[in-house]
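Novice: Sequence and predicted structure, then a few things I'm wondering about:
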Amino acid sequence: MPETPEQTWNIKQLLDWTTDFFSKSTIGNARLEAEVLLAEALDCQRIELYTRFDEQPPAEQLTEFRAWVKRRAAGEPVAYLAGHREFYSLRFQVDSNVLIPRPETEHLVVAAVEFTKSLTCDPIRIIDVGTGSGCIAVTLATLIENCKIAATDISEPALEIAKSNATNHGVDPKIHFFTGDLLDALPAGSKPVHLIVSNPPYIGEREISTVDDQVKNHEPDIALFSGPDGTEIIQRLVDDAAQFLLPNGALMFETSPIIMDRCVNFVKNNPAYSGVRVIKDYSGHDRIVVATKTDD
Ligand SMILES: C[S@@+](CC[C@H](N)C(=O)[O-])C[C@H]1O[C@@H](n2cnc3c(N)ncnc32)[C@H](O)[C@@H]1O
């Protein structure tokens, strides 16, 4: 929006101008993103903008909004600018140290909650590997009353965000956080668990040219990429998880349809598992692998 001193801007004009500008910058959801950024700059709910159309924001808030609009048009994700993203109807703090939670991952949460309904033990013990923002662990802790969760990540700054999200949602007493490589992060002698969940990195370094610029230029590489084919971390996870699972426990992880067959085969070829099934995402793509530990 031009910074001419003689022009004043009300909320409606700001939204219309920014929506048009974002559309020309080929940003999908241009109106929504304009609303999210303006609501954040004005520290109000998005819906309130509609009742304040004629209001002229103060100069300071306008300056902040202008700066965000420029950064958004240059490719920075709106969630990092606003500092949060909704996942499973909960607000998660995010910054550039964590992957922005994706709607596909909600299928993992649904499957995990369903699985725990069949358990009668107390507490239900769960591990979330590669917790990032903590969106899976924190959501499960809000949905499953009697659970204890160990959440791991190799990234210290990511764990700081996850801890903050756990506190914001009042579930910090139910989650313990550990830094380190996959399940090696857990203290020696940790008790076996009923469920292991994970949304690990699963993009192959070979695929990098096909990854959206907004993703590869702004989200952390360590959250995205896993070896040349994208399977390296999942293969290790499948192999290592078996020794942390109780008999009939489940390992559930998200992956890409591109490597789904190989991920399913990692489970099928491992005698520690007795069964495997695949859950599709909202777009009909194979997305979640559910592996069942043998009955011993
Ligand atoms: C795809 S992100 C998922 C984050 C979050 N669970 C979600 O669903 O939005 C993968 C996460 O795994 C972490 N990670 C990558 N390699 C890891 C490893 N070897 N051990 C533990 N965590 C790892 C990354 O730091 C990142 O937070």
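Specialist: Alright, I've got the coordinates.
Novice: Please identify the buried residues of the helix or strand where residue 34 lies?
Specialist: Remark: residue 34 resides in helix 30-41, with elements defined by DSSP states H and E. Using 16 or more other C-beta atoms under 10 Å as the test for burial, helix 30-41 gives 30, 33, 34, 35, 36, 37, 38, 39, 40, 41. The way it works is simple: take the backbone N, C-alpha and C, and place the C-beta from them, glycine included.
Novice: what does stretch 203-215 give?
Specialist: Buried-residue list, stretch 203-215, by 16+ other C-beta under 10 Å: 203, 204, 207, 214.
Novice: With only the CA atoms kept, save stretch 44-60 in PDB.
Specialist: The C-alpha trace of stretch 44-60 is given here as PDB (Å, rounded to 0.1, in the frame of the first residue of the first chain):
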ATOM      1  CA  CYS A  44      -7.800  -8.400  17.500                       C
ATOM      2  CA  GLN A  45      -9.800 -11.400  16.200                       C
ATOM      3  CA  ARG A  46     -10.200 -11.700  12.400                       C
ATOM      4  CA  ILE A  47     -14.000 -11.500  12.700                       C
ATOM      5  CA  GLU A  48     -13.700  -8.100  14.500                       C
ATOM      6  CA  LEU A  49     -12.200  -6.500  11.400                       C
ATOM      7  CA  TYR A  50     -15.700  -6.700   9.800                       C
ATOM      8  CA  THR A  51     -17.200  -4.600  12.500                       C
ATOM      9  CA  ARG A  52     -14.500  -2.000  12.300                       C
ATOM     10  CA  PHE A  53     -14.300  -1.500   8.500                       C
ATOM     11  CA  ASP A  54     -14.300   2.400   8.800                       C
ATOM     12  CA  GLU A  55     -11.700   2.600  11.500                       C
ATOM     13  CA  GLN A  56      -8.300   4.000  10.700                       C
ATOM     14  CA  PRO A  57      -5.500   2.000  12.500                       C
ATOM     15  CA  PRO A  58      -2.900   4.000  14.400                       C
ATOM     16  CA  ALA A  59       0.400   4.800  12.500                       C
ATOM     17  CA  GLU A  60       2.500   2.300  14.600                       C
END
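Novice: buried ones in that stretch?
Specialist: Counting neighbours by 16+ other C-beta under 10 Å, stretch 44-60 gives 49, 57 as buried.
Novice: Can you get me the start-to-end distance on stretch 241-258?
Specialist: Using C-alpha to C-alpha, to the nearest Å, one end of stretch 241-258 lies 22 Å from the other.
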